[in-house]
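Chemist: Predicted model, plus sequence, below.
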2 protein chains.
Amino acid sequence: MKSLLLVAHGSRRAESNIEIATLAARLADKASGEYDIVEHAFLELADPLIPDGIERCIAKGATSVQVIPYFLARGTHVADDIPEQVAIKQAEYPDMDIRITRYLGTSDEMVDVLLTLAR
Amino acid sequence: MKSLLLVAHGSRRAESNIEIATLAARLADKASGEYDIVEHAFLELADPLIPDGIERCIAKGATSVQVIPYFLARGTHVADDIPEQVAIKQAEYPDMDIRITRYLGTSDEMVDVLLTLAR
């Protein structure tokens, strides 16, 4: 069973974290058939944190986890912090296929998304 | 002449700011014919700041400016800071049509973008 884990920074503002949960729910709808499990997690400041998010996927029967960094720029969080957190769980579950996709800001479609917002 | 102003947070890391300039250049390519002028600006930490970005559009002959907030969550920056900066220039140029679009995180297409990253 393939799973997706949407990873955002996390905020002290509950509304921002709820936005992420809502987005993950929409992603789950759209991904159904292709990805059986969709969860979300935060790097810091909010629950679930990344290791717990990966655990949730595994508890639901995931055999692979694609971690999608919901970040616009390649800062320390994308370059170091998320890979470190993921590596901890990968070491714990060596047979699990856990990968980190490109971060949101690198999306080829970003230009189209921005144009649609402008229109 | 219609213009777009892509507004990002701004970073102490030059690479992050260059990513925004590059994205604005791609946006300019894609928007040509529809928007004559595409500039970028930062809320803080990097140049040009928002008022200067709006000035650049006007200096190039813009009669309207669409400000696109390149932000994922509706924090203080989106809710207060960007509107405040824009309002200053709107007061200075009452005949100029300056609008702020929805911020990136509200894009209906975000789910598709994330799925493409996962695949």
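Modeler: That came through, no problem. Everything numeric in this text was worked out from a predicted model, so none of it was measured. Numbers count the residues shown, from 1 in each chain, chains lettered A, B, ... in the order given.
Chemist: and the longest helix that chain A contains, what does it pack onto?
Modeler: Using DSSP state H to define each element, chain A has its longest helix at helix A:14-31. In terms of contacts (3 or more C-beta pairs under 8 Å, 6 or more residues apart in numbering or on different chains; DSSP states H and E), helix A:14-31 is packed against strand A:2-8, strand A:37-42, helix B:110-118. For glycine as for every other residue, the C-beta is placed from the backbone atoms N, C-alpha and C.
Chemist: With only the CA atoms kept, save that helix in PDB.
Modeler: Provided in PDB are the C-alpha atoms of helix A:14-31 (Å, rounded to 0.1, in the frame of the first residue of the first chain):
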ATOM      1  CA  ALA A  14      -4.000  26.600  14.800                       C
ATOM      2  CA  GLU A  15      -5.700  27.900  11.600                       C
ATOM      3  CA  SER A  16      -2.500  27.500   9.600                       C
ATOM      4  CA  ASN A  17      -2.100  23.900  10.700                       C
ATOM      5  CA  ILE A  18      -5.800  23.200  10.000                       C
ATOM      6  CA  GLU A  19      -5.200  24.500   6.400                       C
ATOM      7  CA  ILE A  20      -2.600  21.700   6.000                       C
ATOM      8  CA  ALA A  21      -4.900  19.000   7.400                       C
ATOM      9  CA  THR A  22      -7.600  20.200   5.000                       C
ATOM     10  CA  LEU A  23      -5.200  20.200   2.100                       C
ATOM     11  CA  ALA A  24      -4.100  16.700   3.000                       C
ATOM     12  CA  ALA A  25      -7.700  15.600   3.000                       C
ATOM     13  CA  ARG A  26      -8.200  17.100  -0.500                       C
ATOM     14  CA  LEU A  27      -5.100  15.300  -1.600                       C
ATOM     15  CA  ALA A  28      -6.400  12.000  -0.200                       C
ATOM     16  CA  ASP A  29      -9.600  12.400  -2.300                       C
ATOM     17  CA  LYS A  30      -7.700  13.200  -5.500                       C
ATOM     18  CA  ALA A  31      -5.000  10.500  -4.900                       C
END
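Chemist: How about that helix, which residues are buried there?
Modeler: By neighbour count on 16 or more other C-beta atoms under 10 Å in any protein chain shown, the buried set for helix A:14-31 is A:Ser16, A:Asn17, A:Glu19, A:Ile20, A:Leu23, A:Ala24, A:Leu27, A:Ala28, A:Ala31.
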